[in-house]
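[1] After the sequence you'll find the predicted model.
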Amino acid sequence: MNFHTRKWVKPEDLNPNRTLFGGRLLAWIDEEAALYSIVQLENPHVVTKFMSEINFMASATQGDIIEIGIEVVKFGKTSLVLRCEVRNKMKLQTILKVENIIMVNLDENGVPLPHGKTEVEYVKYRMPSKPDSSFT
């Protein structure tokens, strides 16, 4: 699993118990899943269809740094199924795991659109091998 995103838990992220508010963490996970899917499917029109059961195993407090990891479970015809793990870098604990997040690829009108993808593609392989001279 690749952990690309880190978040610093700040006072505005806390619940009345002074631990990370679950809703804030779920928003971060949803955003990470959307960004990952947009890059993989090469389409900005991607939405969350489903998120499986969420079981909090640990928490985070102010000042902790958490990491959000995403990996592909499978490619559907119009969807991408992801798995997510969030861990606390400061306390070396897993905060939660989400086994299935289904993201759907859409056209400009919001209709599910087949994406034609069958495996994870890395952006570095999509980049031109020579730098574009217009950026120099």
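    On my side now, so go ahead.
[2] which sections of this structure are below the confidence cut-off?
    Along the chain, segments meeting pLDDT under 70 span 123-136.
[3] give me that answer again for 90
    1-2, 4, 55, 121-136 (pLDDT under 90).
[4] And the longest strand along it, what does it pack against?
    Ranked by residue count under DSSP state E, the longest strand found in the chain is strand 93-105. Other elements packing on strand 93-105 under the criterion 3 or more Cβ pairs under 8 Å, 6 or more residues apart in numbering; DSSP states H and E are helix 22-41, strand 46-51, strand 55-56, strand 65-75, strand 79-88. Just so you know, the C-beta spots here come from the backbone N, C-alpha and C atoms, and that holds for glycine as well.
[5] just the angle between the first one and strand 79-88, please?
    Orientation of helix 22-41 against strand 79-88 (axes from the mean of the first three to the mean of the last three Cα atoms, to 10 degrees) gives an angle of 130 degrees.
[6] I'd like to know how far the closest residue to E67 other than its chain neighbours sits from A34.
    In this structure, E67 finds its nearest non-sequential neighbour in F3, 4.2 Å apart by Cβ to Cβ, 6 or more residues apart in numbering. Separation of F3 from A34 (Cβ to Cβ, to the nearest Å): 17 Å.
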